[in-house]
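Engineer: No letters, just coordinates:
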């Protein structure tokens, strides 16, 4: 299976341009979040880009739209740099109005995708038994689980949450089998 994995968007149309370019060459496309917050644009422009990504998903069913820390902060209490206080209510409403198009994790065979990564310690700490449990908690809007920022505000601890953990810590505590 060929999967196109596209990182942080931050209001740029680049990830959507790449998806359009390769849509007929891959089996699945995953957008990894952080559609909100940018130094180059504000929410109205970012909203247009995210709306276009959602439309793309509707047209090409084999597309997953994951949320990142910059998106989740508008659904929960967590804050990270670039928070657009003036647009927070509009962003929250947009994300909730389009909630059915988003996921927090995606997996195929033994490949597990999220915005930052999924550590074994975090899965155990949150009481999940499977990857399906993670998405179920997300769909039940238990956002506090996903906005979790552990003991290191920079994400360098294997207990960090799914949208915040950094690669060095993730490599020390990966979920087995993925």
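Structural biologist: Done, it's in. Bear in mind that the values here come from a model prediction, so they are computed numbers and not experimental data. Residues are numbered from 1 along each chain as shown.
Engineer: which residues touch the spatially closest residue to residue 54 that is not a sequence neighbour?
Structural biologist: Leaving aside its sequence neighbours, residue 54 sits nearest to residue 101 (C-beta to C-beta, 6 or more residues apart in numbering; 5.1 Å). For the C-beta atoms, the positions are set from N, CA and C on the backbone; glycine is no exception. Counting by C-beta atoms under 8 Å, 6 or more residues apart in numbering, residue 101 touches 54, 57, 58, 65.
Engineer: for residue 56, same thing?
Structural biologist: With contact taken as C-beta under 8 Å, 6+ apart, residue 56 is in contact with 16, 19, 20, 63.
Engineer: same check, this time on residue 167
Structural biologist: For residue 167, the contacting residues are residue 117, by C-beta under 8 Å, 6+ apart.
Engineer: Against residue 174, how distant is it?
Structural biologist: Plainly put, residue 167 is 10 Å away from residue 174 if you go by C-beta to C-beta, to the nearest Å.
Engineer: wait, what's in contact with the spatially most central residue of the chain?
Structural biologist: Nearest to the mean C-alpha position of the chain, counting by C-alpha atoms, centre = their mean, stands residue 67 at 2.4 Å. By C-beta under 8 Å, 6+ apart, the residues touching residue 67 are 33, 75, 95, 102, 103, 104, 115, 146, 163.
Engineer: Try it again at 6 Å.
Structural biologist: Residues in contact with residue 67 (C-beta atoms under 6 Å, 6 or more residues apart in numbering) are 33, 102.
Engineer: likewise residue 178?
Structural biologist: 110, 112.
Engineer: What does the pLDDT read for the nearest residue to residue 15 once chain neighbours are set aside?
Structural biologist: Nearest non-adjacent residue to residue 15, counting by C-beta to C-beta, 6+ apart: residue 6, 4.2 Å away. If you check residue 6, the pLDDT there is 98.
Engineer: repeat for residue 23
Structural biologist: Model confidence at residue 23 (pLDDT) stands at 97.
Engineer: Repeat that for residue 143.
Structural biologist: Confidence at residue 143, expressed as pLDDT, is 85.
Engineer: same check, this time on residue 116
Structural biologist: On the pLDDT scale, residue 116 is placed at 92.
Engineer: Quick check, it in contact with residue 168.
Structural biologist: No: applying C-beta atoms under 6 Å as the test, residue 116 and residue 168 come out as separate, 11.7 Å apart.
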